[in-house]
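Trainee: kindly return the folded structure for what I paste below:
(2 chains)
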Amino acid sequence: MNSSDFSASVDKVIQSHWCPSSLFSALIEPLDQYQSLPQDKQRWFSALSDIGWNVPHWPRRFGGMGWDEEQTYEWVSTCMQRGAPRPLNDGTEILAPFIIEFAEVEQYEVLQSLKQLDQNWCFALGTGEISEEALIAGELTLGSSAHTLSLGPIAISVKFPLAGIFLLARDSVGIAWLCWLSSDQMPFKLSNKRLTTKSRFLKIKKPGKFFLPSNQCLCLQKEITDLNFSDRLRSLTTSNPFSEVSRFYFYADQFFSYVRRNEFFESGLIKRIGLLRIELEGLLSLERTIALGGLSKEQNTALISGLKTRVFNFHRDLSASVTEVVGYEGIEYSEPMLSSNERTQSSIRRVFGGGLDFIGRVGTKEQLSCNLELLGGNHVIERYLGLTE
Amino acid sequence: MDFSLTEEQTLLQESVDRFIQNDYEFDKRQSFANSELGFSEDNWKMFADLGWLGIPFSEADGGFGGGPVDSMLIWEQFGKGLVIEPFLATVILGGGILRLAGNADQKAAYLPGIIDGSMHAALAYVESQSRFNLSDVTTSATKEGNHYVINGAKSVVLNGPRADFIVVVARTSGEQRDKDGISLFLVDAKVEGLSRRDYPTVDAFRASELSFENVKVEADSMLGEDGAGLSILQRVIDEATLAIGSEAVGCMEKLYKDTVEYCKQRQQFGQPIGKFQVLQHRMVDMFMEHEQSKSLMYMAAMKLEEGYSEESQKAVSAFKVQVGKSGKFVGQNAVQLHGGMGMTDELNIGHYFKRLTIIDTLFGNADFHLERFGSFA
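Mentor: Model prediction:
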């Protein structure tokens, strides 16, 4: 299929099957991973499953369509740009490739669960004494038909509804194993309550010790000779791990459409917003280059760092423009985007980046940590350019 | 959208790169620019021998059937070397109009000469009042029997001094800013009634102011349909915009890399100035401006390769805006970080900066393309 036909088929699937019950839910969904909208999302994922588009990038013999990297990126990016829920998760992108590539046949059973996009398999990272690399989550004692997994303190990149978790463990001779356990096998409870912090991780201090069937453990020794796991992950997964621009493209575009429809904004504001639109296109192009440009590892790392900084700056500038527009007198409040309902209005502000929230956070610990991250991003590029060691 | 190049495209990119590295050092380039002609005829002949002049033309017309991506590859390398040979005016602009609007006889008469390097062309479309509005045309072409009589004036005609023939945009009907009524004519550079004032441009090219006083041309010198020239002109200008934008990306790459190298060498206060954090941040920003422009360059080239549509025009305009902003930023910072030397003619930095500044104003500046981008849905 050539690229225009493929793009057309992607458009058709999204238009036919992503039908959110309200624009509000469509706006909220891409940003707030903790706010569940089960019906819209459920319908979307069920529809994808029905037409065989739930894991299209998997090999055909595992239920996929054998899509290549470019097709996968195009699909994921377009979904997010249109406000549709991201059609993949950690289970399909991290756990599944390892199982497909290295597991024995009897271990393929978990793939059926992984294919269900409305159920999340989440990555658990080690945070305590066991793991210096913050990846090894526990120790595995090998048995004949079942192994004993002793977990240290872990942090789970959790998304509900939770189907299970997967993690790295180390056996007594230091070999790494990939283990997975379903939610009913977990020795600890994870509650489906809304998180109030900005942290994306749920921490479990004392997960405990339990038995794990041997077919839920995959020895990584012959494939990974060191613990530079993230590079190996990236080389095995087909989707671009960095798709921040596609993620917010939808709501930024909604804002630009709103401004375009209204003629009473002054020319200076229109110009500033126009420049933001161009910046957005540039950021999206850069994301695509990172995803599909066949760059060297060093250049890729440098560009991702640079792009993160620019994304941050874009958020800041977009927030300011949103605040300027929303605060402008005379805006027609009957517009669905700018309802006079206070809760909706504040949510819209939050969806658009929350200019006032952002300004309020300046000087806080969070802002400082963001700044540090940006400096770190610059440092990566400085190293790439040979300006520092 | 495929980022991978074909084998032919890779070879083309490498051959242009080799030419720039081996045969187009800055001092040589300056000697060409300061010559009477303003460029090197030997280089022009070599371009022809290597087939570069025929890249955009179809195989039926004697060319190589290349597209916007091939053009992008050539121009990015040209930007690194600040090539001043009149490729833009002859091949992209004048040749582009012929490619799109010429009939078989017209193509047969002129395209072989362009492709083998024996003929030069120019496109006369800018007028002193028109700014970037392609449809603002006061130069008139009035039908008289089997001829058209052209009267008016054109400004900043690139390669005007050397052109053997000129594609002239003139109005055959309608009011000054009407989109209909604009026609394209092939005019011999030595035709009676055509006068020229030649001058060098600030970025080392050559241009002319042309004055048409009762210039008589045959009726069959019209390219395309009567009054329907604007769409052809717009398309050629968009393709040329991609070309000079790609050139700007090449300039930016050269600038930021040279600046990084300079800052590693130049010592002040007991250490290389590249160790100072604020300067490092500036160089990081230069790098990112270049990379972002390059990404949009690929996007625009690939969209144009898929076909000339509203989407590709939008991509070209977005690219031009980015190049305008980024070129200014990279150019200015390169000059600043080189200190006093950055302002001299002896160093190449200032010449790249001048070229980037002019590129922003060619075929519509950033503000113009920002508005154009916004006009698309």
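Trainee: what sits against residue 185?
Mentor: Using chain A. A:164, A:210, A:212 (Cβ atoms under 8 Å, 6 or more residues apart in numbering or on different chains). Just so you know, the C-beta spots here come from the backbone N, C-alpha and C atoms, and that holds for glycine as well.
Trainee: that answer is for a different chain, and I need it for chain B
Mentor: By Cβ under 8 Å, 6+ apart, the contact set of B:Phe185 is B:141, B:148, B:150, B:167-168, B:170, B:217, B:221-223.
Trainee: residue in the stretch 251-389 of chain A nearest to chain B?
Mentor: Chain B sits closest to A:Ser285 of the stretch 251-389 of chain A, with a gap of 3.7 Å, by Cβ to the nearest Cβ.
Trainee: that residue contacts B:Tyr298, correct?
Mentor: Yes: counting by Cβ atoms under 8 Å, A:Ser285 sits close enough to B:Tyr298 to count as a contact (7.0 Å).
Trainee: neighbour count for the two, which is higher?
Mentor: Applying other Cβ atoms under 10 Å in any protein chain shown to A:Ser285 and B:Tyr298 shows that A:Ser285 carries more neighbours, namely 25 against 22.
Trainee: now that we have the contacts of A:Gln185, which one has the most neighbours?
Mentor: Neighbour counts for the contacts of A:Gln185 (other Cβ under 10 Å) peak at A:Gly164, which has 22 neighbours.
Trainee: for the host helix or strand of that residue, name the packing helices and strands.
Mentor: Following DSSP states H and E, one finds A:Gly164 within strand A:162-171. The contact analysis (3 or more Cβ pairs under 8 Å, 6 or more residues apart in numbering or on different chains; DSSP states H and E) places strand A:162-171 against strand A:120-126, strand A:136-141, strand A:176-182.
Trainee: please enumerate the helices of the chain.
Mentor: Went with chain A since none was named. In chain A, the segments counted as helices under DSSP state H are A:3-17, A:23-28, A:38-50, A:69-81, A:90, A:96-102, A:110-114, A:229-236, A:244-261, A:267-292, A:297-326, A:342-351, A:355-361, A:365-384.
Trainee: wrong one, I was asking about chain B
Mentor: Using DSSP H, helices in chain B cover B:7-23, B:26-33, B:41-49, B:68-81, B:87, B:95-101, B:104-115, B:230-265, B:277-306, B:310-337, B:349-361, B:366-375.
Trainee: closest one to chain A among the ones you listed?
Mentor: helix B:277-306 (3.7 Å).
Trainee: A:Leu202 and A:Val158 touch, don't they?
Mentor: Yes: assessed by Cβ under 8 Å, A:Leu202 is found in contact with A:Val158 at 4.4 Å.
Trainee: more neighbours, these two?
Mentor: Legend: neighbour count by other Cβ under 10 Å for A:Leu202 and A:Val158, higher for A:Val158 (21 against 18).
Trainee: the more buried one reaches A:Trp121, doesn't it?
Mentor: No: contact criterion Cβ under 8 Å: A:Val158 and A:Trp121 do not qualify, at 10.7 Å.
Trainee: picking up where we left off before, now the helices of chain A in CSV, with mean pLDDT?
Mentor: Formatted as CSV, these follow (pLDDT from 0 to 100):
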stretch, mean pLDDT
helix A:3-17, 89
helix A:23-28, 54
helix A:38-50, 85
helix A:69-81, 88
helix A:90, 81
helix A:96-102, 85
helix A:110-114, 91
helix A:229-236, 52
helix A:244-261, 82
helix A:267-292, 90
helix A:297-326, 83
helix A:342-351, 43
helix A:355-361, 35
helix A:365-384, 66
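Trainee: which among these is found nearest to B:Ala315?
Mentor: Ranking the helices of chain A by proximity to B:Ala315 (Cβ to Cβ) places helix A:267-292 first, at 8.0 Å.
Trainee: would you mark the buried spots in the closest one?
Mentor: A:270, A:273-292 (16 or more other Cβ atoms under 10 Å in any protein chain shown).
Trainee: residue contacts, B:Val157?
Mentor: Counted by Cβ under 8 Å, 6+ apart, B:Val157 has contacts B:122-124, B:126, B:163, B:166, B:207-210.
Trainee: ok, A:Ser182 - contacts?
Mentor: A:113, A:163-164.
Trainee: that one and A:Asn89, how far apart?
Mentor: 15 Å (Cβ to Cβ, to the nearest Å).
Trainee: the stretch 51-200 of chain B against chain A: which residues are in contact?
Mentor: Of all the residues in the stretch 51-200 of chain B, not one is in contact range of chain A (Cβ under 8 Å from any Cβ of the partner chain).
Trainee: what's the neighbour count on A:Glu298?
Mentor: Other residues near A:Glu298 come to 11 when the count uses other Cβ under 10 Å.
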